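Participant: got a predicted structure here, sequence first:
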Amino acid sequence: MLLAPMAGVTDIAFRTLCREAGADMAFTEMVSAKGLSFANEKTRHLLALAEGEDQVAVQLFGHEPEVMASQAAWIEQEMGDTLAYLDINMGCPARKIVSKGDGSALMKDPASAAAIVSAVKEAVACPVTVKFRRGWAEGDETAPAFARAMEAAGADAVAVHGRFAEQLYRGSADWDVIARVREAVSVPVVGNGDIRCGADAVAMAERTGCDAVMIARGAEGNPWIFADVQAALAGAEAPAAPTIDERIAMARRHARLLPRREGRNIVRMRKHAMWYLAGLPGAAAARGRINYCTTPEDFDTVFDDLLEIARSHAS
């Protein structure tokens, strides 16, 4: 059960909360091979481990085999045994990524994608995995054939998101393509897409035969999803949904963890706060205030007011 790599989300604070809730492994934010090659400190900072984090998976993106290989080797050298494995991003559909030939753009050129996997595999001793989508163009499923090509190039496992790149995040993820990839290759397959609760994870595992599930947006503002999934996979009773007090307490803790990496200016907490508070009484009205918060104390003021509103609604 994996926490997916998400730019601007899976930093040391969020990984800490998700691991505590039951994630078996967490990814760093996706890392630019080109940024690393320029010794960019902001990029290198993404590789920092959280307190108590013995191992982490790192997802690298880029399209130049030699750059990908050299930076993969550098990561392995720097991180040593704390590097669980290296994943190559061939699934991100963001315009700023694909416009440079990175991410899911590589699905349009399987030969180049395979060359990257081969180069990285030759450069490192740790496991190398590849994450990709159902295909590039909507309606043109290429994932099974693409998975076979990545396996032939040396990939130790593959992860499949059940949407086409052109879909972005519209519509529903097709889990059946994960099953077709599972049939196409002999390496482990990770299923990804639309896991919102423990029952979803069980359904995906049963329907696809995947070896692991990867959770992305379902964990945003909801690290408790991992406890729910762990219980469901074990056949145990689902834990109670977090109360309003617990949701706000988690948001407060998240805001306290962020300064360890971000310093006092924790503007990235704004989106997390929105996710934690979604649907709570007064949350919509507080959105404007949250957009001006920059410190833990700023967020505390908003959280205090929302907690008061929630308690007044309950009384």
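Facilitator: Done, it's in. Computed from a predicted model, the values in this text were never measured in an experiment. Numbers count the residues shown, from 1 in each chain.
Participant: would you confirm that residue 27 contacts residue 53?
Facilitator: No: with contacts counted by Cβ atoms under 8 Å, residue 27 stays clear of residue 53, the gap being 11.5 Å. To be clear about C-beta, it is placed using only N, CA and C from the backbone, and glycine gets the same treatment.
Participant: who's more crowded, those two?
Facilitator: The residue with more neighbours, out of residue 27 and residue 53, is residue 27; 24 against 15, by other Cβ atoms under 10 Å.
Participant: contacts only, for that one.
Facilitator: By Cβ atoms under 8 Å, 6 or more residues apart in numbering, the contact set of residue 27 is 2-6, 10, 56-59, 87.
Participant: likewise residue 66?
Facilitator: Each residue near residue 66 by Cβ under 8 Å, 6+ apart is listed here: residue 119.
Participant: which secondary structure element contains it?
Facilitator: When secondary structure is defined using DSSP states H and E, the element that contains residue 66 is helix 65-79.
Participant: chain center to that helix, what's the gap?
Facilitator: Put simply, helix 65-79 sits 21 Å off its chain's centre (Cα atoms, centre = their mean, to the nearest Å).
Participant: list the buried residues in that helix.
Facilitator: For helix 65-79, the neighbour count (16 or more other Cβ atoms under 10 Å) marks 65, 67-76, 79 as buried.
Participant: just stretch 126-142 next, same as before
Facilitator: Neighbour count says stretch 126-142 has 126-136, 141-142 buried, by 16+ other Cβ under 10 Å.
Participant: which parts of the stretch 201-315 of the chain are strands?
Facilitator: Listed in chain order, the strands of the stretch 201-315 of the chain (DSSP state E, counting those that start in this stretch) span 212-215.
Participant: let me fix that, I meant to ask about the stretch 51-200 of the chain.
Facilitator: Under DSSP E, counting those that start in this stretch, the stretch 51-200 of the chain gives strands at 56-61, 83-90, 128-135, 157-164, 189-192.
Participant: output these in a markdown table, with mean pLDDT and distance to residue 18 appended to each entry.
Facilitator: As requested, the strands of the stretch 51-200 of the chain are exported to a markdown table (pLDDT from 0 to 100; distance: least, Cβ to Cβ, whole Å):
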| stretch | mean pLDDT | distance to residue 18 |
| --- | --- | --- |
| strand 56-61 | 96 | 12 |
| strand 83-90 | 97 | 15 |
| strand 128-135 | 98 | 18 |
| strand 157-164 | 98 | 17 |
| strand 189-192 | 98 | 15 |
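Participant: quick one: the helices in the stretch 1-150 of the chain, in order.
Facilitator: For the stretch 1-150 of the chain, the helices defined by DSSP state H, counting those that start in this stretch cover 12-21, 33-37, 41-44, 65-79, 95-98, 110-123, 143-153.
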